[in-house]
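Trainee: any chance you could fold what I've pasted below:
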Amino acid sequence: MPRRGQLNGTAGRENCTPEQVRLSDALRALYDPLTHATMEQNATLLFCTQSTLSQALGAHRVPDEQFVARLYDLAESASQAQGLPMPFQLADLMELRNDAAAAQMLARRGLTVPAAVAPVPLSAGDRRDGNTAARAASTLDWEGTAAISELTAAGRFSELASLLAHMSGAMSAAEVAGAAAALRLAELPDAAEMLLRGAGRRGHATALAVVDALARAGQHEDIPAVLAGADVTPPSREVLAK
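Mentor: All right, here's what the predicted structure looks like:
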């Protein structure tokens, strides 16, 4: 049996996102070696309730950044006292935390977007239909725009970046173009830029497909962001105007 203050097993994590599970595993890796006797005592040291601590370690809650930083500091102090190395850096843990928060926000809206997928080229249907991006925008002006607007208004920019990375990693070329149009209509130009750059980082094949979709939709002003993400020199304004 685990000693007092430790959690045992992974019961109840079946409905959690993979990102939540990865975060909780990392938090447990920091928490379990702590020598404090009870979860209640550890919760006091972390300035949270026992329930909050239990839910964070069990993948049922994505804790805030302050909780993650405090747990890391507590584990680091214990590791130094025992002459042991830390399993990972705080920046890596924060990245896991932000990914989990983004995935949780999508899941609450009934969406499941993988963190990384293979590049999605423009489909035959996209090539036939020059209005695909407009149709995509009508479907993407929903949970995605609402979630991005919510994070922007709250100033939760780390989570915003993770959410946009998730989205840009799974959308088709036409969906990226449509999402960018929807974000600009919602007066979220910075989010549109981040989304387009993320799509460009998926590789030149996908970047070119997105550029094609943007050109067909008349969104020439969005093309430089995709090319910047792909580390390609943007064409001149004269070329874009053709």
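Trainee: so what's the residue nearest the centre of the chain up against?
Mentor: Residue closest to the average C-alpha location in the chain (CA atoms, centre = their mean): residue 162, at 2.5 Å. By CB atoms under 8 Å, 6 or more residues apart in numbering, the residues touching residue 162 are 95, 98-99, 101-102. (C-beta placed from N, C-alpha, C; glycine too.)
Trainee: so it is in which element?
Mentor: Here residue 162 is covered by helix 157-168, with elements defined by DSSP states H and E.
Trainee: next secondary structure after that helix?
Mentor: Remark: after helix 157-168, the chain's next helix or strand is helix 173-185, criterion DSSP H and E.
Trainee: residues contacting the residue nearest to residue 63 when sequence neighbours are not counted?
Mentor: Spatial nearest neighbour of residue 63, excluding adjacent residues (CB to CB, 6 or more residues apart in numbering): residue 56 at 4.3 Å. Each residue near residue 56 by CB under 8 Å, 6+ apart is listed here: 24, 27, 62-63, 67.
Trainee: shaky segments in the chain?
Mentor: The model of the chain has pLDDT under 70 over residues 1-12, 35-37, 109-143, 232-242.
Trainee: give the helix, strand or coil label for residue 85.
Mentor: Here residue 85 is recorded as coil under DSSP: H, G, I helix; E, B strand; the rest coil.
Trainee: so who does residue 222 touch?
Mentor: 177, 180, 192, 196, 214.
Trainee: was I right to think residue 182 contacts residue 144?
Mentor: Yes: here residue 182 reaches residue 144: they are 7.4 Å apart, a contact under CB atoms under 8 Å.
Trainee: flag every buried residue along whichever strand or helix holds the residue nearest to residue 63.
Mentor: Using DSSP H and E, residue 56 sits in helix 50-57. Under the neighbour-count criterion of 16 or more other CB atoms under 10 Å, helix 50-57 has 52-53, 55-57 buried.
Trainee: tell me the contacts of the residue nearest to residue 107 when sequence neighbours are not counted?
Mentor: Using CB to CB, 6+ apart and skipping the chain neighbours, the partner closest in space to residue 107 is residue 17 (5.3 Å). Counting by CB under 8 Å, 6+ apart, residue 17 touches 100, 103-104, 107, 112.
Trainee: still on that earlier bit, most surrounded residue in the contacts of residue 162?
Mentor: Neighbour counts for those peak at residue 102, which has 28 neighbours (criterion: other CB atoms under 10 Å).
Trainee: got the contact list for that residue?
Mentor: Contact analysis of residue 102 by CB under 8 Å, 6+ apart lists 19, 159, 162-163, 165-166.
Trainee: keeping just the C-alphas, turn stretch 64-81 into CSV.
Mentor: The C-alpha trace of stretch 64-81 is given here as CSV (Å, rounded to 0.1, in the frame of the first residue of the first chain):
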residue,chain,number,x,y,z
ASP,A,64,-3.6,26.8,-12.0
GLU,A,65,0.0,27.9,-12.7
GLN,A,66,0.6,29.0,-9.1
PHE,A,67,-0.2,25.5,-7.9
VAL,A,68,2.2,23.9,-10.4
ALA,A,69,5.0,26.3,-9.5
ARG,A,70,4.5,25.7,-5.7
LEU,A,71,4.5,22.0,-6.1
TYR,A,72,7.6,22.2,-8.2
ASP,A,73,9.4,24.4,-5.6
LEU,A,74,8.4,22.0,-2.8
ALA,A,75,9.6,19.0,-4.8
GLU,A,76,12.9,20.8,-5.7
SER,A,77,13.6,21.6,-2.0
ALA,A,78,13.0,18.0,-1.1
SER,A,79,15.2,16.7,-3.9
GLN,A,80,18.0,19.0,-3.0
ALA,A,81,17.8,17.9,0.7
